[in-house]
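[1] Build me a structure from this.
(chains A and B)
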There are 2 protein chains.
Amino acid sequence: MAFGEFDLIETYFTHRLPQRDDVTVGIGDDGAVASVPEKSDLVVVTDTMVQGVHFDQDTPARAIGHKIVAVNLSDLAAMGAEPAWISLALTLPEINDEWLTGFAHGLREICEYYNCQLIGGDTTQGPLSITVTAHGFVPNGKAIRRSGAKPGDWLYVSGTLGDAGLALAARQHRQKLNPDYERRLTERLYFPSARVALGQSLRGIASSAIDVSDGLLADVGHILKASHVGARISVDELPLSLAVTESLSAEQAITYALTSGDDYELLFTVPEAQRGLFDTVTAHSPSKPVCIGRITNEPELVQLRFGDEAWELPEGLAGFEHFRKTELSQ
Amino acid sequence: MAFGEFDLIETYFTHRLPQRDDVTVGIGDDGAVASVPEKSDLVVVTDTMVQGVHFDQDTPARAIGHKIVAVNLSDLAAMGAEPAWISLALTLPEINDEWLTGFAHGLREICEYYNCQLIGGDTTQGPLSITVTAHGFVPNGKAIRRSGAKPGDWLYVSGTLGDAGLALAARQHRQKLNPDYERRLTERLYFPSARVALGQSLRGIASSAIDVSDGLLADVGHILKASHVGARISVDELPLSLAVTESLSAEQAITYALTSGDDYELLFTVPEAQRGLFDTVTAHSPSKPVCIGRITNEPELVQLRFGDEAWELPEGLAGFEHFRKTELSQ
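    As a prediction, the model looks like this:
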């Protein structure tokens, strides 16, 4: 009932994709066979993107191919894992050569960059939807979890926040952009980076980590819940791009940085005793993380500060957390 | 943009599911962390089911939950692998408590039976679609492939063929059933078994294997293509259930057995030198495989025989192979 699985995969996905030595059987059998290095744990992550929910009809196929891999590698990065293999489940309304060529191109580029092999999957007919399961390795016991943050740990985030959210809002005509930055912002939305090298360098240093996919406040919330701690965040320390600050008021920019998703930066905590090592390891990181706050002992409480003052989300978004919860339990 | 991932998974999928010792981090972090046993290879398989393609609106949610795991475990079985973990990507139009309860029930039953742990996944909003990636183990180098069949090897299939296809045809009012067998056939369609124990017992014995998901002729074709061999099949030896023989003419029954899919039996080849061992190992198998033919040296040629005579698919299905190829390359 799968349509054209073999022809389709052979045509679009088997050429010029990385071939790794640890894969014995790749695409074309009932399953793939691969080996995990000695003294390593396997890390497995899964993300789905659905047309109309995660992207619209105008999104270039190449961007979709890139992003479905990037969001998975971002999850691997948040665990401190080195990417190795992906499985692709591709559901398509029809076999459209132009779309498939673009999608495979985007997928191949990022797989080549990270030496990640496509080891199998499934192709079926139906409404456009893509699921990738990605596999990576960490040395035994070295995976970074959400649950290790302790009061006093420092809270860091990589790159800049709010870019992808602003690009999306502009595409949906909810927000005007400074036109000088339109292209850069669209790149951030369509071709997010996964902080793979940074994630691996945080092993043994970060006490907890997560990637910023739902928005900083939502994702910091996941760390706080898993670690039974709170956080104080200095909103004036949030890393913002010129594209964001030149398009928005300060309050709007901070709001985007706190609440919009899809940036795929790493958010993590570093104990005081690891800070020197951390600074050394990340000194030359291209997406150099900045310290935006500190972990407190008040479970799940987030305090926002601007300098010495309390800071609140603007009216209408003050209920952001509540809105999210309502949405979640619908 | 995933909706309610945490609440939803915690509510429906974390209770009463198997917890394995080889899983260090399960559901609730960015990824799962698990370990593969020493001297074992990892086997990874992926299957998607889409509403309107693989099942209809009337299919019970419990059956869908069972089947999406069963079809994946069937792929693992065809590789000779022992199931270990699954990841679940669930795309739902809405959060429907009754549906989710039924789905989780079906998924849990089969996971419990095979001691298979749900280690993670993704939940998103969209047209109903489910992708499972399943992970299993085989001793190093012992995975059974499609490509190992040699001329002279015997061709075997487990269980009975055509049951699921007949059940589907009856549900779609394309075929009348003997009512005494309706329930049994519907069970075969909705709750297929995965031949997990049989698959593992074939390691080191079978020269090639595949599971019958697309239909015997299509799936034997995959073995022949991968192994560069042909096959002679005795259609009068095809294993048929009473449900099939009591509902259909002999010609119809053979046609269903050859062309209808979804039976999830194992189709495999055994070299002459392994036949004694094979008979010993499978003597008490509940889905005892039967020999239905032999591998020849004529690449991709399938000869169908009834006794000593050539046998052909009935008019209209004679172009079955061609139809499939056209469909695949559309």
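[2] Surely A:Asp75 touches A:Ala134?
    Yes. Counting by Cβ atoms under 8 Å, A:Asp75 touches A:Ala134, with 7.3 Å between them. In short, each C-beta sits where N, CA and C put it, glycine included.
[3] Which neighbours do those two have in common?
    A:Val45 (Cβ atoms under 8 Å, 6 or more residues apart in numbering or on different chains).
[4] Now stretch A:7-18: buried residues?
    Residues of stretch A:7-18 classed as buried: A:8-9, A:11-13, A:17-18 (neighbour count, 16 or more other Cβ atoms under 10 Å in any protein chain shown).
[5] Chain B next: which of those are close?
    Filtering the buried residues of stretch A:7-18 for proximity to chain B by Cβ under 8 Å from any Cβ of the partner chain leaves A:Leu8.
[6] secondary structure class for A:Ile130?
    strand (DSSP: H, G, I helix; E, B strand; the rest coil).
[7] can you give me the helices in chain A?
    With helices called from DSSP state H, chain A shows them at A:5-13, A:61-78, A:97-113, A:163-171, A:182-190, A:196-201, A:216-227, A:242-245, A:250-259, A:275-282, A:320-328.
[8] and the first one with helix B:216-227, angle?
    It refers to helix A:5-13. With axes from the mean of the first three to the mean of the last three Cα atoms, to 10 degrees applied, the angle from helix A:5-13 to helix B:216-227 works out at 40 degrees.
[9] The longest one now?
    Put simply, helix A:61-78 runs at 80 degrees to helix B:216-227, going by the same axes, to 10 degrees.
[10] does chain B sit close to helix A:61-78?
    Yes. Using Cβ under 8 Å from any Cβ, we find that helix A:61-78 touches chain B at A:75-76, A:78.
[11] Kindly report the same for stretch A:257-268.
    Yes. Applying Cβ under 8 Å from any Cβ, one finds stretch A:257-268 touching chain B at A:261-262.
[12] cool, stretch A:184-198 as well?
    No. Using Cβ under 8 Å from any Cβ, stretch A:184-198 never reaches chain B; the gap is at least 11.6 Å.
[13] Show me what the mean pLDDT comes to for that stretch.
    Mean pLDDT, stretch A:184-198: 95.
[14] which of the residues in it are buried?
    A:185-186, A:188-196, A:198.
[15] Please identify which pair of those lies farthest apart.
    A:Thr186 and A:Leu198 (23.4 Å; Cβ to Cβ).
[16] quick revisit: out of the residues of helix A:61-78 next to chain B, who has the most neighbours?
    A:Ala78 (35 neighbours; other Cβ atoms under 10 Å in any protein chain shown).
[17] so it touches A:Val212, yeah?
    No. Counting by Cβ under 8 Å, A:Ala78 stays clear of A:Val212, with 9.2 Å between them.
[18] so what sits against both of these two?
    The contact sets of A:Ala78 and A:Val212 overlap at A:Leu266 (Cβ under 8 Å, 6+ apart).
[19] so what's A:Leu107 closest to, chain neighbours aside?
    Once flanking residues are discounted, A:Leu107 sits nearest to A:Gly65: 3.7 Å by Cβ to Cβ, 6 or more residues apart in numbering or on different chains.
[20] still on that earlier bit, want to throw the helices of chain A into TSV with distance to B:Tyr256?
    Putting those into TSV (distance: least, Cβ to Cβ, whole Å) gives the following:
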stretch	distance to B:Tyr256
helix A:5-13	22
helix A:61-78	38
helix A:97-113	34
helix A:163-171	51
helix A:182-190	48
helix A:196-201	50
helix A:216-227	51
helix A:242-245	61
helix A:250-259	56
helix A:275-282	63
helix A:320-328	46
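[21] And for the residue of the stretch 101-250 of chain A found nearest chain B, the neighbour number?
    Proximity to chain B, evaluated over the stretch 101-250 of chain A using Cβ to the nearest Cβ, is greatest for A:Gly126 at 3.5 Å. A:Gly126 has 20 neighbours, counted by other Cβ under 10 Å.
[22] What pLDDT is listed against it?
    A:Gly126 is given a pLDDT of 93.
[23] any idea how far B:Val132 is from it?
    16 Å (Cβ to Cβ, to the nearest Å).
[24] which residues does A:Ala134 contact?
    With Cβ under 8 Å, 6+ apart, A:Ala134 has these contacts: A:44-46, A:69, A:72-73, A:75-76, A:83, A:85-86, A:116.
[25] likewise A:Leu107?
    Counting by Cβ under 8 Å, 6+ apart, A:Leu107 makes contact with A:13, A:65-66, A:68-69, A:88, A:118.
[26] Just the closest of those to chain B, please.
    Closest approach between the contacts of A:Leu107 and chain B, by Cβ to the nearest Cβ: A:Leu88, at 7.7 Å.
[27] So what sits opposite that closest one in the bridge?
    On the basis of DSSP bridges, A:Leu88 is bridged to A:Gly121, A:Val132.
[28] Please give me every residue in contact with A:Ala164.
    Under the criterion of Cβ under 8 Å, 6+ apart, the neighbours of A:Ala164 are A:185, A:188-189, A:192, A:260-264.
[29] ok, and the closest non-adjacent residue to it?
    Per Cβ to Cβ, 6+ apart, closest to A:Ala164 is A:Asp262, 3.8 Å.
[30] Am I right that the one you found is in contact with A:Phe191?
    No. Checked against Cβ under 8 Å, the pair A:Asp262 and A:Phe191 is beyond contact range at 11.5 Å.
[31] any low-confidence regions in chain A?
    Along chain A, the parts satisfying pLDDT under 70 run over A:1-6, A:316-330.
[32] and the nearest residue in space to A:Arg188 that is not next to it in sequence, how far is that from A:Val212?
    Leaving out its chain neighbours, the residue that sits closest to A:Arg188 by Cβ to Cβ, 6+ apart is A:Asp163, at 4.0 Å. Going from A:Asp163 to A:Val212 by Cβ to Cβ gives 11 Å.
[33] Overlap in contacts, these two.
    A:Asp263.
[34] Of the contacts of A:Leu107, which is the nearest to B:Glu109?
    A:Leu88 (28.3 Å).
[35] Domain-wise, how is chain A divided?
    The record, using automatic domain parsing to delimit domains, assigns chain A the ranges A:5-139, A:146-328.
[36] Of these, which stretch is the most buried?
    Of the domains of chain A, the one with the most neighbours on average (mean count of other Cβ atoms under 10 Å in any protein chain shown) is domain A:5-139, at a mean of 21.
[37] tell me the centre residue of chain A?
    A:Tyr264 (3.2 Å; Cα atoms, centre = their mean).
[38] wait, isn't that one in contact with A:Asp75?
    No. Assessed by Cβ under 8 Å, A:Tyr264 is found out of contact with A:Asp75, at 9.3 Å.
[39] Common neighbours of those two, please.
    What both A:Tyr264 and A:Asp75 touch, as defined by Cβ under 8 Å, 6+ apart, is the set A:Asp211.
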